[in-house]
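Asker: quick one, structure for this:
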Amino acid sequence: MTNSSDFREWGKEMVDYIADYMDGVSERPPLSKVKPGYLRSLIPDEAPQYPDKWQDVMQDIERVIMPGVTHWQSPHFHAYFACGNSYASILADMLSDAIGCLGFSWISSPACTELEMVTLDWLGKMLQLPESFLTCTEGSKGGGVIQGTASESTAMALLSAKMKTINKQHELDPDKDQYEIMSKLVAYTSEYAHCSVERASLISSVRMRKLPTDAKFALRGDTLAQAITEDKANGLIPAFVCVNLGTTTSCAFDNLAEIGAICERENIWLHVDAAYAGTSFICPEFRPLADGLEFADSFNFNPHKWMLVNFDCSAMWVRNQIDLVSAFHVDATYLKHEHQDVVVDYRHWHIPFGRRFRSLKLWFVLRLFGVTKLQEHVRKHVSLAREFESFVRQDDRFEIVADVVLGLVCFRLKGSDTLNEELLDRVTKTGKIFMVGSHLNQQFIIRFAVCAAQTESEDILYAWNAIKEEVDGLQVNNNK
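Answerer: Below you'll find the predicted structure:
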């Protein structure tokens, strides 16, 4: 067993290691090159019978762990989207781990519940959310909760919408069978929605219609209205719409105002998924991207993507918490306490019962950066994306295939999908930078995302030169 003296010594060594890692992460290849199964041969087949030495564990971090790490915090990592990180958030997670509470109810750790309520009100005000989402608003029925991921938030919203619709149908006809109603429910989203939206439909057993988008890859109101009309004519029951603000593929923005008006008219639950782009709404110039939020029943974004908060921290708000809580409410005797009728018990707000003290890291980041520094971080990444876009546009071998709105640039070589796939493969094999591909309009494209907090202009130029070198080599080979 270790003691506080060991912890003080080892903790200081680990803090130094983490600081050195972060300072030198740009020197490591962004994408791990190990083969599947690499790790098993590096460690014993069984756990040690007696304690290993701390120094042996530290040495094995570099020998065993780091070869198999893809370095998301590298300024040469341009795949997917950002995975937030900051020393402020790391320190808060250390404290959360030390406290070690499971905040399933107010009484299990009052600070865990109340700090979450307050910080999500802070965050909601920064985003200029409708006041009905905030617990601090007098008479508000809404509130916020920290989920693990946007995937969980979408699933929770869809499951809540499902139960609300079933209850509404029962009110209209008490003799209707619940399972017959369930079989007729239908949900809608964009063809470019994140795959987790489709997974939410599988979890909830609600069919999902993925609707076509316009020339900007955005879902429009008239498309949704037509689908609803068709389904109602076929005896189906529209129950849920997921609007995407900043899709994963191209950072497209569905037309929230148009869709919201339709959902309000049809009395359909509207969930807004802004997992990546939501952080940008703290900047006044980007807040119009969320116009129409007043129509939403639920809204979610991930501070653990672009707000320098470590994974996992996904902020979700609902207009009426009763719609959420009533779908998941259970109250075993051992969970009850004397204040439960006047406080929030977050176990009713998400799928797991237990929960970490995640609001600590959000609180630390908001306090130690402040709104101004977080806005500067967003604006810097957008500016860096525009730099990369300018390099692409100056080379007539390439084309930009989607509007560059925030920190993502979608581009491709003019030519076949095979040519672009080969280019991405060649760039990846150099180990210099890491990007991923996707499809728009059934055409293969390459995504370049500005991700790491440490990314600077020289890193953008470095990435562009790495791409150009492989294009030159690719064209030489194809001309032989």
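Asker: quick one: low-confidence parts of the stretch 1-150 of the chain?
Answerer: Counting by pLDDT under 70, the stretch 1-150 of the chain has low-confidence residues at 1, 106.
Asker: which stretches in it count as helices?
Answerer: With helices called from DSSP state H, counting those that start in this stretch, the stretch 1-150 of the chain shows them at 4-24, 54-60, 87-99, 110-126, 150-172.
Asker: in the stretch 201-350 of the chain, which spans are strands?
Answerer: Counting by DSSP state E, counting those that start in this stretch, the stretch 201-350 of the chain has strands at residues 207-211, 237-244, 269-273, 298-301, 314-318.
Asker: save these as a markdown table, and put in mean pLDDT too.
Answerer: Formatted as a markdown table, these follow (pLDDT from 0 to 100):
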| stretch | mean pLDDT |
| --- | --- |
| strand 207-211 | 94 |
| strand 237-244 | 96 |
| strand 269-273 | 97 |
| strand 298-301 | 96 |
| strand 314-318 | 96 |
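Asker: and residue 428, which of these is closest to it?
Answerer: Nearest of these to residue 428, taken as C-beta to C-beta: strand 237-244 at 27.2 Å. C-beta coordinates here come from the backbone N, C-alpha and C atoms, glycine included.
Asker: report all helices and strands that the closest one contacts.
Answerer: Under the contact criterion of 3 or more C-beta pairs under 8 Å, 6 or more residues apart in numbering; DSSP states H and E, strand 237-244 touches helix 150-172, strand 185-190, helix 195-204, helix 221-233, helix 256-266, strand 269-273.
Asker: just the helices of the stretch 1-150 of the chain: most buried one?
Answerer: Among these, helix 150-172 has the highest mean neighbour count (mean count of other C-beta atoms under 10 Å), at a mean of 21.
Asker: reformat the helices and strands packed on strand 237-244 as JSON lines; add distance to residue 432.
Answerer: Putting the helices and strands packed on strand 237-244 into JSON lines (distance: least, C-beta to C-beta, whole Å) gives the following:
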{"stretch": "helix 150-172", "distance to residue 432": "30"}
{"stretch": "strand 185-190", "distance to residue 432": "34"}
{"stretch": "helix 195-204", "distance to residue 432": "28"}
{"stretch": "helix 221-233", "distance to residue 432": "41"}
{"stretch": "helix 256-266", "distance to residue 432": "38"}
{"stretch": "strand 269-273", "distance to residue 432": "33"}
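Asker: those: which one's closest to residue 109?
Answerer: Taking C-beta to C-beta, helix 150-172 is the member of the helices and strands packed on strand 237-244 nearest to residue 109, at 20.7 Å.
Asker: and the closest one, what does it pack onto?
Answerer: Contacts defined by 3+ C-beta pairs under 8 Å, 6+ apart place helix 150-172 against helix 178-182, strand 185-190, helix 195-204, strand 237-244, strand 269-273, strand 298-301, strand 314-318, helix 321-328.
Asker: just tell me which of those ends up closest to residue 61.
Answerer: With C-beta to C-beta as the measure, strand 314-318 is the member of the helices and strands packed on helix 150-172 nearest residue 61 (28.4 Å).
Asker: rewinding a little: out of the helices of the stretch 1-150 of the chain, nearest to residue 333?
Answerer: The closest of these to residue 333 is helix 110-126. By C-beta to C-beta, the value is 20.2 Å.
Asker: which other helices and strands does that closest one contact?
Answerer: Against helix 110-126 (3+ C-beta pairs under 8 Å, 6+ apart) you get strand 143-147, strand 314-318, helix 359-394.
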